[in-house]
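> need a structure here:
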Amino acid sequence: MTTKFREMKFGVTRVQMREGTAGTRYMRADQDLTPYAMRMTDRLVHWAEHAPERTLFARRHKNADGSTGDWQHISFAQALTSARRIAQSLINRGLNAERPVVILSENDLQHALLALGCMLAGVPYCPASPAYSTISQDYDKLRHILTTLTPGLVFASDAKRYGKAIQTAVAADVEVVLHQGSLDGRASTAFADLLNTPDTPAVDAAMQATGPDTIVKFLFTSGSTKLPKAVINTQRMWCANQQQMGQSMPVLAASPPVLVDWLPWNHTFGGNHNFGMVIYNGGTLYIDDGKPTPALMAETLRNLREIAPTVYFNVPTGFEAIANAMKTDDALRKNLLSRVQMFFYAGAALAQPIWDSLFESQEREIGERIVMSTGLGMTESGPFAIFVTSPRVKSGDLGVPTPGLELKLVPNSDKVEVRYKGPNITPGYWRAPEETREHFDEEGFFCTGDAVTWIDPSDVHQGLRFDGRIAEDFKLSTGTFVSVGPLRGKIIAAGAPYIQDVVITGLNRREVGAMIFPTAAVRTLSGLDAHASLAEVLASVPVLAHFQTVLNELSSHATGSASRVARAVLLSEPPSIDKGEVTDKGSINQRAVLKHRDALVQALHDGTAPHTLLPQAQA
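Okay, the predicted model is just below:
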């Protein structure tokens with residue numbers, strides 16, 4: 001029986017190919033990129049004129065005890081008025097690319113308005129990862145950001161939450177603006193003062209002085225191998241990417257999108273893809289104070305019971321929690337599925353059991369499935385680059401390039417690297433000319449380090465599949481090449497829903513190992529009470545038995561030493577953000593984990609790590 005999907009049109013279904021030298025191939029969509037705005041602020045002004053009362057941003061009021069109350073709305077007209085006043089205050093201060101604005105806050109209304117004010121004034125801004133200020137103990141990455149950018153103004157929403165980081169890392173001659181609270185022994189400006197600055201024709205002049213090459217923001221990479229790099233985001237890059245998204249996902253331009261979204265604005269997924277989407281297309285963004293963690297997921301579910309998105313974006317751990325909740329939560333199923341036309345995940349692989357659970361709830365509630373979309377992109381590509389072309393997407397499928405972006409497929413050992421060239425690609429890294437040169441090849445293509453393969457080698461129009469990160473892959477001592485990305489995906493899928501991520505070991509060794517970060521759900525598997533430590537949970541008989549079964553199953557389907565996990569260990573110590581092992585979006589940095597847990601890697605392969613699991617045949 002044919003599965004029915006809620007109708008969704010895919011914008012690109014065919015590609016054009018051309019051959020290069022030494023096995024290199026070039027790939028592009030068979031349609032051109034249509035004209036797009038030269039400045040994101042043009043779109044803000046457009047919607048403020050054509051839909052002034054429509055909500056642009058909304059967020060629940062934060063109570064003193066940390067709970068959330070009613071929604072506070074900011075319309076397009078209100079946003080533009082406030083942004084103009086903020087822009088005037090920035091112009092008065094003489095801020096510019098050499099002295100930009102750094103924002104330390106989470107997603108909130110003040111953060112949004114300040115960003116819009118910067119855009120109008122032509123002053124670049126940088127949303128720094130809140131974790132660098134609130135979780136980090138050494139503030140090294142925050143210092144690196146401040147040193148790289150030399151800001152003229154630093155904004156934080158809450159003095160209590162960000163005060164220690166400011167007092168420790170922000171230079172005394174940098175102006176600090178606070179929405180709430182004050183700092184002992186340090187002068188600060190109230191955010192209200194920015195909002196109360198009367199705007200003048202200087203704001204219009206400043207906006208008109210900006211153009212496609214104007215730097216609109218800096219977004220820092222996660223720093224996988226080195227300290228984070230400041231990716232330059234221009235107006236052209238951001239606007240072109242939004243137009244590309246609209247052509248690849250026509251649903252975005254068909255009607256103003258409504259988002260319920262927690263994804264952090266210091267990441268390109270939340271800060272460019274989604275934040276830009278509502279401005280460009282006249283949509284509404286309900287800022288979700290939830291997160292896919294045991295402590296905060298309830299807030300996300302509460303919001304989704306109340307606000308029905310038209311498109312919904314999340315990371316796999318978020319969709320896993322939603323899939324589990326929809327099994328029994330009638331109100332959640334009814335509201336979330338009432339008008340959503342597309343789900344979209346990114347950041348990691350989505351395990352098949354999660355897909356199956358989501359589809360089951362959808363068919364039960366509305367008699368059809370919602371398209372689950374995905375693709376491939378990065379901070380340097382705006383981020384949108386490659387997008388699926390079919391509702392019958394499988395885990396690992398990427399699809400085809402968005403209009404206006406050319407892909408260069410370059411053989412690299414037994415892999416194929418994908419490289420990008422187009423108007424959505426960054427011109428480089430701020431104040432890092434050598435890094436910039438290293439990342440572009442002789443034809444001006446950005447070298448992504450991502451490996452791809454064909455979904456169907458006999459039909460290029462189906463597009464590409466993800467084949468791991470070339471820098472993560474390695475060889476065993478036998479010379480056998482281990483493809484880390486696909487192997488991680490297999491382990492996560494086999495261990496769902498109890499595996500958050502996996503780090504693959506075995507460089508220059510005889511066999512492959514796996515260090516497993518478990519999900520919170522593993523506690524329910526153990527049967528122990530809530531007071532038990534994670535180490536006790538992972539050492540419990542039911543947990544070890546479950547992962548032994550997973551390892552046995554993986555081993556039975558292995559085709560050789562490169563795909564056979566010969567030993568595994570469960571990690572009770574969570575990944576550290578200070579050591580660069582994890583981003584605040586939850587993505588694991590393989591290299592950093594291997595570097596900082598080298599002793600455990602040694603013990604795993606020497607057979608001295610406690611509770612090491614071996615496939616049954618070896619035990």
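
> isn't I135 right next to I577, touching?
Yes. Counting by CB atoms under 8 Å, I135 touches I577, with 5.3 Å between them. Using the backbone N, CA and C atoms, a C-beta is placed for each residue, glycine as well.

> who's more crowded, the two?
Per other CB atoms under 10 Å, whichever of I135 and I577 has more neighbours is I577, with 20 against 13.

> now do the phi/psi pair for that one.
phi -80, psi -30 (degrees, to the nearest 10).

> so which residues make contact with the helix or strand encompassing K595?
Assigned by DSSP states H and E, K595 belongs to helix 590-596. Contact with helix 590-596 is made by 224-225, 469, 471-472, 484, 503-505, 507, 515, 575-576, 579-581, 601, as judged by CB atoms under 8 Å, 6 or more residues apart in numbering.

> can you do 10 Å?
222-225, 469, 471-472, 474, 484-485, 488, 501-505, 507, 515, 517, 571, 575-576, 578-582, 589, 600-601 (CB atoms under 10 Å, 6 or more residues apart in numbering).

> PyMOL command to pick out the buried ones of the residues you listed?
To isolate the buried members of those in PyMOL, using 16 or more other CB atoms under 10 Å:
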select buried, resi 222+224+469+472+474+484+485+488+501+502+503+504+505+515+517+571+575+576+578+580+581+582+589+600+601
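
> picking that back up, how far off centre is the helix holding K595?
From the chain centre to the centre of helix 590-596 is a distance of 20 Å (CA atoms, centre = their mean, to the nearest Å).

> can you list the domains in this structure?
Taking automatic domain parsing as the domain assignment, the ranges for the chain are 15-33+385-469, 473-606.

> just for the protein, where's the confidence low?
Scanning the chain for pLDDT under 70 picks out the ranges 1-2, 223-226, 583-586, 617-619.

> report the central residue of it.
F269 (4.3 Å; CA atoms, centre = their mean).

> and it, which of the three is it?
Three-state assignment for F269 (DSSP: H, G, I helix; E, B strand; the rest coil): helix.

> ok, now which ones touch it?
261, 263, 275, 313-315, 344, 346-347, 377-379, 383-384, 585.

> coming back round to it: how about the domains of the chain in JSON lines, adding distance to L358?
JSON lines is the format used below for these (distance: least, CB to CB, whole Å):
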{"stretch": "domain 15-33+385-469", "distance to L358": "13"}
{"stretch": "domain 473-606", "distance to L358": "13"}
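
> out of those domains, the one nearest A192 is which?
domain 473-606 (28.2 Å; CB to CB).

> just how off-centre is that closest one within its chain?
22 Å.

> strands along the stretch 501-619 of the chain, start to end?
Residue ranges of the strands in the stretch 501-619 of the chain, as given by DSSP state E, counting those that start in this stretch, are 512-518, 565-570.

> adjacent strands (with direction) for the longest one?
What it means is strand 512-518. The strands beside strand 512-518 in its sheet (DSSP bridges) come out as strand 499-505 (antiparallel), strand 565-570 (parallel).

> please convert those strands to a markdown table, extending it with distance to S182.
Formatted as a markdown table, these follow (distance: least, CB to CB, whole Å):
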| stretch | distance to S182 |
| --- | --- |
| strand 499-505 | 39 |
| strand 565-570 | 46 |
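
> between those strands, which one is closest to N412.
Closest among the strands paired with strand 512-518, using CB to CB: strand 499-505, at 18.7 Å.

> give me the beta-bridge partners of F313?
Going by DSSP bridges, F313 forms beta bridges with F344.

> quick check, it in contact with W262.
Yes. Assessed by CB atoms under 10 Å, F313 is found in contact with W262 at 9.5 Å.

> give me the common contacts of those two.
Common contacts of F313 and W262, defined by CB under 10 Å, 6+ apart, comprise G270, N274.

> can you tell me how far the residue nearest to the centre of the chain is from T189?
31 Å (CB to CB, to the nearest Å).

> quick one, helices of the stretch 201-350 of the chain?
Under the criterion DSSP state H, counting those that start in this stretch, the stretch 201-350 of the chain contains helices at 201-209, 235-248, 251-254, 268, 275-281, 297-306, 316-326, 330-336.
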